[in-house]
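S.K.: generate a structure from the sequence data that follows.
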Amino acid sequence: MIAGLALVAGCTSSTNPPGPAQGTGAQGSSAPGSQSASPVSAPFLRTCDTSVYGDLGSDWRKGGLAAGPLTFVGLGSVGSAAADDFAPHAGRYRSIKALAVVDQGADVTVSIATADLGHAALIYDPSSIRDDGLYAVNDGESAVTFRSCAKGQKNALGYGGPTQFNGGFVVDGPRCLAVDVVASGRPPQRLVISMGRGRCPISG
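M.R.: Predicted coordinates for the structure are as follows:
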């Protein structure tokens with residue numbers, strides 16, 4: 001059973017998929033559960049002021065799912081997880097927790113690929129995080145922009161270094177989930193994450 005931190009068993013691809021529509025976004029830009037994930041939704045914005053902190057250890061990048069300045073920390077068995085772990089519970093699904101860690105001075109937008117809209121979403125709006133860890137897909141966002149702390153800046157908790165954002169994913173069943181990543185100054189990149197589907201192809 002998936003519990004706590006679980007992500008990855010994924011691959012990266014440099015197929016340069018179209019980047020998500022950019023927008024200034026605003027914290028709280030879409031109310032939890034108010035709309036289905038949409039390709040035209042402006043990315044939800046997470047900033048340095050809403051970052052969290054935890055001791056990542058010295059080798060936290062090893063085995064993480066990375067795209068440029070972004071790393072999703074949280075190795076686990078999600079790729080080989082049983083289908084029951086993705087089964088609905090009264091219309092909601094268990095979240096797949098994934099700490100997003102972004103190098104200082106970077107803006108990174110992550111968006112659910114078009115083919116997966118309606119089946120998966122990002123859960124990085126702090127106001128949408130539920131105590132029971134169960135979500136409907138439309139509780140989340142189709143795209144999130146992570147705006148890290150500036151180089152040398154400390155976050156609101158007084159910590160420097162790479163900027164950490166808590167959250168994760170919700171999916172409505174096992175799938176090879178494709179997400180597109182656009183980081184400032186870098187070409188777009190696609191990540192394909194196995195959600196209970198074993199080995200996934202490297203392109204979405």
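
S.K.: how deep is Ala90 tucked in, by neighbour count?
M.R.: By the measure other C-beta atoms under 10 Å, the count of residues near Ala90 is 6. C-beta here means a position set from N, CA and C on the backbone, and glycine is covered the same way.

S.K.: tell me the contacts of it?
M.R.: Counting by C-beta atoms under 8 Å, 6 or more residues apart in numbering, Ala90 touches Leu134.

S.K.: how far away is it from Ala82?
M.R.: Applying C-beta to C-beta, to the nearest Å, the value for Ala90 to Ala82 is 19 Å.

S.K.: buried sites along stretch 176-195?
M.R.: Buried residues in stretch 176-195, counted by 16 or more other C-beta atoms under 10 Å: 176-183, 188-195.

S.K.: can you list the weak-confidence ranges in the protein?
M.R.: Scanning the chain for pLDDT under 70 picks out 1-41, 63, 75-78, 203-204.

S.K.: so Val110 sits against Ala183, correct?
M.R.: No: Val110 lies out of contact with Ala183 (C-beta atoms under 8 Å); the separation is 9.5 Å.

S.K.: identify the contacts common to these two.
M.R.: By C-beta under 8 Å, 6+ apart, the residues touching both Val110 and Ala183 are Leu70.

S.K.: quick check: Ala143 touching Ala120?
M.R.: No: Ala143 lies out of contact with Ala120 (C-beta under 8 Å); the separation is 11.8 Å.

S.K.: excluding chain neighbours, what is closest to Trp60?
M.R.: Once flanking residues are discounted, Trp60 sits nearest to Val73: 5.7 Å by C-beta to C-beta, 6 or more residues apart in numbering.

S.K.: next: Ala113.
M.R.: Nearest to Ala113 is Ala178, by C-beta to C-beta, 6+ apart, at 3.7 Å.

S.K.: what is the host helix or strand of the one you found packed up against?
M.R.: Assigned by DSSP states H and E, Ala178 falls within strand 175-183. Judged by 3 or more C-beta pairs under 8 Å, 6 or more residues apart in numbering; DSSP states H and E, strand 175-183 is in contact with strand 107-112, strand 189-195.

S.K.: let's see that with 10 Å instead.
M.R.: strand 10-13, strand 65-67, strand 70-73, strand 107-112, strand 120-123, strand 143-147, strand 168-171, strand 189-195 (3 or more C-beta pairs under 10 Å, 6 or more residues apart in numbering; DSSP states H and E).

S.K.: sheet-wise, list the partners of the longest one with their directions.
M.R.: Okay, so that is strand 189-195. strand 10-13 (antiparallel), strand 175-183 (antiparallel) (DSSP bridges).

S.K.: please save the CA atoms from the longest one in CSV.
M.R.: Extracted as CSV, the C-alpha positions of strand 175-183 are listed here (Å, rounded to 0.1, in the frame of the first residue of the first chain):
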residue,chain,number,x,y,z
ARG,A,175,-0.9,4.9,-15.5
CYS,A,176,2.2,6.2,-17.1
LEU,A,177,1.9,9.8,-16.2
ALA,A,178,3.5,12.4,-18.4
VAL,A,179,4.3,15.9,-17.0
ASP,A,180,5.9,18.7,-18.9
VAL,A,181,8.6,20.8,-17.2
VAL,A,182,9.6,24.3,-18.3
ALA,A,183,12.5,26.0,-16.3
